[in-house]
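Chemist: Pasting the sequence and the predicted model now:
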Amino acid sequence: MEKQVDNMCIAYKRHKLRLLLLFMITPIAVGIISTLLSKDRMFSWGDMVKPPLAPPGWLFPVAWTILYLLMGYAGYLIYQSDSDDKGSTLCVWIAQLFLNFTWSPLFFRFDLKVLAAIVLIALLVLIGLLISMSRKAGKLPMFLLIPYFLWCSFALYLNISIIVLN
């Protein structure tokens, strides 16, 4: 009997670990696919007239990797919570991930910078909603999403500045 309980505990821990990995890998995979769809044109970043606060190109993959990991962990914590709104909160998590996915191809590949700015505004609304909704799952998921909101706000500044300057 004790052996069965131990096996069940091990199986449960493995299940939780698989879920954590799924939530952590999903945003990174979405980001990689979005980047691959835009890669040919991302080199144009160096040719654009950029605003004064524009970071160097190498910072973007570093920042996004960290943000995707934070986003993934927040999603996992929401999923694991006992919140009554867990399902709708995860729907918002997925919706914002989809909008996040669309920005790079719109901005770089299709050169639809105005539409990309509109997508960023919608993304910020969804991230704000997600932050608000995730509070019911605990303070940690909410705090993990704040850097993402701030970075996307900065991205909107860059997006609009590039429209104006180019």
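Modeler: That came through fine.

Chemist: hey, let's count contacts and neighbours off CA atoms from now on
Modeler: Noted.

Chemist: And M71, which helix or strand is it part of?
Modeler: helix 59-80 (DSSP states H and E).

Chemist: So which residues of this structure form helices?
Modeler: For the chain, applying DSSP state H gives helices covering 2-42, 59-80, 86-104, 113-134, 139-165.

Chemist: residues contacting K113?
Modeler: 106-107, 159, 163 (C-alpha atoms under 8 Å, 6 or more residues apart in numbering).

Chemist: What distance do you get for it to I163?
Modeler: 7 Å (C-alpha to C-alpha, to the nearest Å).

Chemist: would a markdown table of the contacts of K113 with pLDDT be doable?
Modeler: Listed next are these as a markdown table, based on pLDDT from 0 to 100:
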| residue | pLDDT |
| --- | --- |
| L106 | 96 |
| F107 | 96 |
| N159 | 98 |
| I163 | 97 |
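
Chemist: What's the PyMOL syntax to select whichever of these are buried?
Modeler: To isolate the buried ones among these in PyMOL, judged by 16 or more other C-alpha atoms under 10 Å, type:
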select buried, resi 106+107+159+163
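
Chemist: Without its sequence neighbours, what residue ends up closest to the spatially most central residue of the chain?
Modeler: By C-alpha atoms, centre = their mean, the chain has its centre lying nearest to Y68, at 4.9 Å. The shortest distance from Y68 to any non-neighbouring residue, by C-alpha to C-alpha, 6 or more residues apart in numbering, is to P27 (5.3 Å).

Chemist: before we move on, what about F107?
Modeler: That would be K113: by C-alpha to C-alpha, 6+ apart, it lies 4.8 Å from F107.

Chemist: got the angle between the lowest-mean-pLDDT helix or strand in the chain and helix 59-80?
Modeler: Lowest by mean pLDDT, DSSP states H and E among the helices and strands of the chain is helix 2-42, with a mean of 87. Inter-element angle recorded for helix 2-42 and helix 59-80: 150 degrees (by axes from the mean of the first three to the mean of the last three C-alpha atoms, to 10 degrees).
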